[in-house]
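>>> give the three-dimensional model of this entry:
(one chain, ligands or ions: 2)
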Amino acid sequence: MYRLAIDDLEAGYGAVKALHGVSLEVRQGETVALLGTNGNGKSTLMKCIMGLLKPSGGSIVLEKDGERVELTGKSTHEIVALGVAMVPEGRRLFPKLSVRENLLLGAYRRGARGVIEHNLALCHEAFPVLQERSAQLAGSMSGGQQQMLAIARAIMSAPRLLLVDEPSVGLSPVLVKQMVDTIAAL
Ligand SMILES: Nc1ncnc2c1ncn2[C@@H]1O[C@H](COP(=O)(O)OP(=O)(O)OP(=O)(O)O)[C@@H](O)[C@H]1O
Ligand SMILES: [Mg+2]
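Ligands and ions are numbered 1, 2, ... in the order given. Modelled structure (predicted):
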């Protein structure tokens, strides 16, 4: 069993408050979408879950196989080790490394190293272009291909909870539909 429960979360940047008492739950197998206008706090919420921003109040609890872990106060690498991965806004790939090298870097965490071949096959099945272009530099891939690579790199960390910030940005309507379908299938 794997479940994320966010309760009454408050966060911001100095004097700017961005989250005002956010509560939400993500249960195993569920897909949850955050919708909102620009600047209303979607990325901020994901940064809090990943430990990239420290909330000023509230809690983020991960229930993992009977264990309850409070994520606020944990470092990002500890949170990744618990099986949470994020595809950040703007993708943040390594442009001068190849597609394959970007994917392998996604498998850096200890729990993912033993399942590299399995996850690589999963990524190639979800996004065949990444196999065809495995030697191409990430920075020379098209915008949509880079989005696929960013998601695949996160999958390489063998996550049980995948956070994708702006999965459809820069994609054509056809690719948006494909991306949403692929995320659902994953
Ligand atoms: N590093 C930062 N320093 C100061 N303020 C910030 C910072 N990052 C975000 N904010 C502010 O926090 C609020 C929430 O921003 P956030 O990026 O979470 O919005 P969002 O919902 O992801 O928007 P978008 O749809 O445009 O990506 C905004 O008012 C934004 O200006
Ligand atoms: Mg955002």
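>>> mind listing the helices for this protein?
42-49, 76-81, 99-106, 110-113, 116-126, 128-132, 143-155, 173-185 (DSSP state H).
>>> the fifth one packs against which elements?
For helix 116-126, the contact count by 3 or more CB pairs under 8 Å, 6 or more residues apart in numbering; DSSP states H and E identifies helix 99-106, helix 128-132, helix 143-155 as packing neighbours. Any C-beta I mention is one placed from the backbone N, CA and C, and that applies to glycine too.
>>> show me what contacts the closest residue in space to M148 that isn't next to it in sequence?
The shortest distance from M148 to any non-neighbouring residue, by CB to CB, 6 or more residues apart in numbering, is to F127 (4.2 Å). Residues in contact with F127 (CB atoms under 8 Å, 6 or more residues apart in numbering) are 148-149, 151-152, 182.
>>> distance-wise, check the residue in the chain that ligand 2 sits nearest to relative to A138.
Residue nearest to ligand 2 within the chain: S43 (3.2 Å; CB to the ion). Distance, S43 to A138, using CB to CB, to the nearest Å: 22 Å.
>>> near ligand 1, which residues of the protein are found?
By CB under 6 Å from any ligand atom, the residues of the chain that approach ligand 1 are 13, 16, 18, 36, 38-44, 89.
>>> domains of the chain?
1-82, 84-186 (automatic domain parsing).
>>> ranking these by mean pLDDT, which is last?
Of all the domains of the chain, the minimum mean pLDDT falls on domain 84-186 (a mean of 89).
>>> now the end-to-end length of that domain.
From its first residue to its last, domain 84-186 covers 14 Å (CA to CA, to the nearest Å).
>>> cool, stretch 122-141 as well?
20 Å.
>>> tell me, what residue is most central in the protein?
M86 (1.9 Å; CA atoms, centre = their mean).
>>> what's opposite that residue in the beta bridge?
Beta-bridge partners recorded for M86 (DSSP bridges): L163.
>>> quick one, what contacts it?
46, 49-50, 154, 162-165.
>>> how far away is it from A15?
For M86, the distance to A15 - CB to CB - is 26 Å.
>>> just V180 next, same as before
37 Å.
>>> okay, those two: which has more neighbours?
V180 (15 against 5; other CB atoms under 10 Å).
>>> run through the residues that contact that one.
V180 touches 167-168, counting by CB under 8 Å, 6+ apart.
>>> D65: which of the helices of the chain is closest?
Closest of the helices of the chain to D65 is helix 110-113, at 13.2 Å (criterion: CB to CB).
>>> how about that closest one: buried residues?
Neighbour counts over helix 110-113 (16 or more other CB atoms under 10 Å) mark A112 as buried.
>>> for it, list the C-alpha coordinates in CSV.
Extracted in CSV, the C-alpha atoms of helix 110-113 (Å, rounded to 0.1, in the frame of the first residue of the first chain):
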residue,chain,number,x,y,z
ARG,A,110,20.2,2.7,-4.9
GLY,A,111,16.8,1.0,-5.3
ALA,A,112,16.8,1.7,-9.0
ARG,A,113,20.3,0.4,-9.9
